[in-house]
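*Asks:* Predicted model follows, preceded by the sequence.
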Amino acid sequence: MKKIIFDTDPGIDDAMALLLAHASQEIEVIGITTTFGNASIENTTRNALFLKQRFGMRAEVAKGVDTPLDHVKTEPATLVHGENGLGDIVIPDHVNAELSPLVAHDYIIEKIKEQPGEITLVAVGRLTNLALAIQKDPEIGKLVKEVIIMGGAFGHNGHTGNLTPFAEANVYGDPLAADIVINADWPVTIVGLDVTQQTLMSNAYLEKVRSHSTKYGEFIYDITRFYAQFYSDDLGLDGFYVHDSSAIMYLVAPEIFTTKQGQIRVITEGPAKGHTLYKSSDRVFPIDEWATSPKQTIAINVESQTFNQRYFDIICGN
Ligand code: BDR
Ligand code: CA
């Protein structure tokens, strides 16, 4: 069983990824830590509690902070995820489920120390909570199993950005945190737009999920109507790209991804804010801000048909 803490801003694709993890026989979600982004921290935390209650999850929920490290706040992505963050399906304003007394980054530190070598952090939102955790207690770097991030874009398959021409939304939303997390002394795999925009779930595929999964089908179909409309209006797509579920799929089926290793820095201000830059050569240049970075892993290709089949099989309980 792979134990994870899922750091997330639910978010429609976040919810789909969480359900994939919950449905997988190979993953145990021990905690859900919330971050801001797709909606306010109040709404993403309420949504996490709602998902926990609605699907009977045992995971604890710990609320994160509401401000990026550089204090430059961006508006919640309501155009993509709806006002409530879950595609404006009807959900209660408040959910009567217990919240951890610990703030997200302290929760992460405590759990990793309790179970050394056991926990994988899967982060699919701004990286603020992870950055605060590793800054406060760098020792957790050696105790975590691995860190898997949905974020960034390195230009493979022509994908360089989605919020700006050269930045992916999660990294843009807290670029300082991303640079800290990627350059910390722990093993990181980045599943960025390079691969998440290779997989498309069409509306026909979602209808199939709807009719084949008694437990999750109707819910997934309902929350994705808003998301699919955004992708249709914005990019003329039938369906949508598969961002956050790609991070969970990497944990379940790493063999369908191609990866490579290199040193990575994040541009933290200016027109290219949020741009992730990867250096593969071992040459040390006269001026080299990459030279002391650890080598981390990035995903550059995915077998997207197998991906959709695996998602279907897990969600539909095959
Ligand atoms: C990422 O941004 C958010 O809107 C999604 O949930 C995903 O994590 C994609 O750029
Ligand atoms: Ca997300």
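*Replies:* That came through fine. Residues are numbered from 1 along each chain as shown. Ligands and ions are numbered 1, 2, ... in the order given.
*Asks:* rest of the way, CA atoms for contacts and neighbours
*Replies:* Fine.
*Asks:* Quick check, central residue of the chain?
*Replies:* What sits nearest the mean C-alpha location of the chain, by CA atoms, centre = their mean, is V124, with 1.2 Å.
*Asks:* Quick check: that residue vs ligand 1, distance?
*Replies:* Between V124 and ligand 1 the distance is 5 Å, computed by CA to the nearest ligand atom, to the nearest Å.
*Asks:* so what's that residue up against?
*Replies:* F6, D7, T8, D9, D14, I149, M150, G151, N170, D244, A247 (CA atoms under 8 Å, 6 or more residues apart in numbering).
*Asks:* can you tell me how far L143 sits from V188?
*Replies:* As for L143, its distance to V188 is 13 Å (criterion: CA to CA, to the nearest Å).
*Asks:* what's the neighbour count on the residue nearest to N157 when sequence neighbours are not counted?
*Replies:* The shortest distance from N157 to any non-neighbouring residue, by CA to CA, 6 or more residues apart in numbering, is to D194 (6.0 Å). D194 has 25 neighbouring residues, counting by other CA atoms under 10 Å.
*Asks:* between L143 and V188, which one's more packed in?
*Replies:* Neighbour comparison, L143 and V188: the larger count goes to V188, with 22 against 19 (by other CA under 10 Å).
*Asks:* And the pLDDT at the nearest residue to the more buried one once chain neighbours are set aside?
*Replies:* Of all residues not flanking V188 in the chain, V147 sits nearest, at 4.7 Å (CA to CA, 6+ apart). If you check V147, the pLDDT there is 98.
*Asks:* Please identify which helix or strand holds V147.
*Replies:* For V147, the host element (DSSP states H and E) is strand 146-150.
*Asks:* Quickly run through the sheet partners of that strand, with directions.
*Replies:* On the basis of DSSP bridges, the sheet neighbours of strand 146-150 come out as strand 119-123 (parallel), strand 188-191 (parallel).
*Asks:* so M249 touches T306, yeah?
*Replies:* No: counting by CA atoms under 8 Å, M249 stays clear of T306, with 10.5 Å between them.
*Asks:* follow-up on the earlier one: how much space separates the residue nearest to the centre of the chain from G270?
*Replies:* Distance, V124 to G270, using CA to CA: 24 Å.
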